[in-house]
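Peer 1: what's the 3D shape of this:
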Amino acid sequence: MYGLRELLLKEQKHLQSIITKVKNDMIATPEGRLRISVDHGVARYYQCIDDRNGEYIPRDNVQLPRQLAQKAYNEAVLKNANARARHIAAILKDYNDDEIEQLFMSLHPERQKLITPVEPTFSQLQERWYSEAYEGKTFKEGTPLILTEKGERVRSKSEKILADYFYRNNILYQYEKPLKLVGYGTVYPDFTFLSRRLQREIYWEHEGMMDKAEYAITAIKKLNSYQMNGIMPGERLILTFETEQYVLNSKIVGELVDRYLR
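Peer 2: Just a heads-up that it's a prediction; the model follows:
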């Protein structure tokens, strides 16, 4: 299951934060445990240290019952979180999202030719996806001719920078592949990729004139429509921005590629 390892790592980190917090909360706790006795709807609290019945806690001591109750709860949480953390650590020790694919890829090429994989490898899925024909957005007459290193026409120098980066790093993409957004219409994302982690398409939009009011309004409307269609930034939507003063940052591009496209 692609993405499971990432989810497990996130849960492991979450559990560790819980364990740390609970341990810190338990540094100064009273001795014993809390026993509660209810008689005619009235609760009485007892602090049990050496005997099971315990010593009665006067009503004016409201803090001690809370501390003992919290202590027992924290101990139960700590026990559960530690157990779950150990389970996750054991799974992560020898688990990889693509282990079934790797079983096939580890075979000799001649043996691979004789076998139909239980699941298509990502390379097979990506090749099939990349070969799909589509009709991109047309260029208006008079639009400057800007060609990428791959020989593909794009609309701006920034898009050329991005396309050339993908091309040099062997990252397959589809330029301005149409996408229908309910409530908006057809959009043409600057770049579309097939995500190995999600096994779904993800999109890269570069908004290059955000200091132009009319352009920014249109861009915001489009980006909101992505989200209304369940395509969220940081999940299936990668965003870069630019103005005349702040140009495309190559360091940010590299970090985004490492995070979402590797």
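Peer 1: Surely K71 is in contact with I27?
Peer 2: No: look at K71 against I27 with Cβ atoms under 8 Å: they stay out of range, at 11.3 Å. All C-beta spots, glycine's among them, are computed from the backbone N, C-alpha and C.
Peer 1: State the helix or strand in which Y45 lies.
Peer 2: strand 42-48 (DSSP states H and E).
Peer 1: Which positions in that strand come out as buried?
Peer 2: 45-47 (16 or more other Cβ atoms under 10 Å).
Peer 1: picking up where we left off before, who has more neighbours, K71 and I27?
Peer 2: A count of neighbours by other Cβ atoms under 10 Å puts K71 above the other of K71 and I27, at 18 against 6.
Peer 1: what about the closest residue to the more buried one other than its chain neighbours, neighbour count?
Peer 2: Closest residue to K71 apart from its sequence neighbours, by Cβ to Cβ, 6 or more residues apart in numbering: T29 at 4.6 Å. Using other Cβ under 10 Å, T29 has 14 neighbouring residues.
Peer 1: tell me the secondary structure for T29?
Peer 2: coil (DSSP: H, G, I helix; E, B strand; the rest coil).
Peer 1: Quick one: residues contacting it.
Peer 2: Contact analysis of T29 by Cβ atoms under 8 Å, 6 or more residues apart in numbering lists 67, 70-71, 74.
Peer 1: Just the buried residues of stretch 106-125, please?
Peer 2: So stretch 106-125, judged by 16+ other Cβ under 10 Å, has buried residues 121-122.
Peer 1: For it, what does the pLDDT average out to?
Peer 2: Mean pLDDT, computed over stretch 106-125, is 92.
Peer 1: residues making contact with stretch 221-239?
Peer 2: 181-184, 187, 195, 198, 200-207, 256, 260.
Peer 1: hmm, 7 Å instead?
Peer 2: Residues from elsewhere that reach stretch 221-239, judged by Cβ atoms under 7 Å, 6 or more residues apart in numbering: 181-184, 187, 198, 200, 202-205, 256, 260.
Peer 1: where does the chain have low pLDDT?
Peer 2: Scanning the chain for pLDDT under 70 picks out 1-2.
Peer 1: can you give me the strands for it?
Peer 2: Listed in chain order, the strands found in the chain under DSSP state E are 33-39, 42-48, 55-56, 146-147, 153-154, 174-175, 179-181, 185-187, 191-194, 201-207, 237-241.
Peer 1: Just the buried ones from the contacts of T29?
Peer 2: 71, 74.
Peer 1: With H14 as the reference, measure out to the spatially most central residue of the chain.
Peer 2: Residue closest to the average C-alpha location in the chain (Cα atoms, centre = their mean): E235, at 5.7 Å. According to Cβ to Cβ, to the nearest Å, E235 and H14 sit 18 Å apart.
Peer 1: give me every residue that touches I146.
Peer 2: Applying Cβ under 7 Å, 6+ apart, the residues contacting I146 are 153-157, 160.
Peer 1: List phi and psi for the residue lying farthest from the centre of the chain.
Peer 2: Most distant from the centre of the chain: H40, at 52.7 Å, with distances by Cα atoms, centre = their mean. Torsion angles at H40 (phi, psi; degrees, to the nearest 10) stand at phi 50, psi 40.
Peer 1: quick one: the helices in this structure?
Peer 2: Ranges of helices in the chain, per DSSP state H, are 4-25, 63-93, 99-105, 109-112, 122-130, 157-168, 213-228, 250-260.
Peer 1: Reformat those into a markdown table and put distance to F139 next to each item.
Peer 2: Formatted as a markdown table, these follow (distance: least, Cβ to Cβ, whole Å):
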| stretch | distance to F139 |
| --- | --- |
| helix 4-25 | 39 |
| helix 63-93 | 49 |
| helix 99-105 | 39 |
| helix 109-112 | 42 |
| helix 122-130 | 22 |
| helix 157-168 | 12 |
| helix 213-228 | 18 |
| helix 250-260 | 24 |
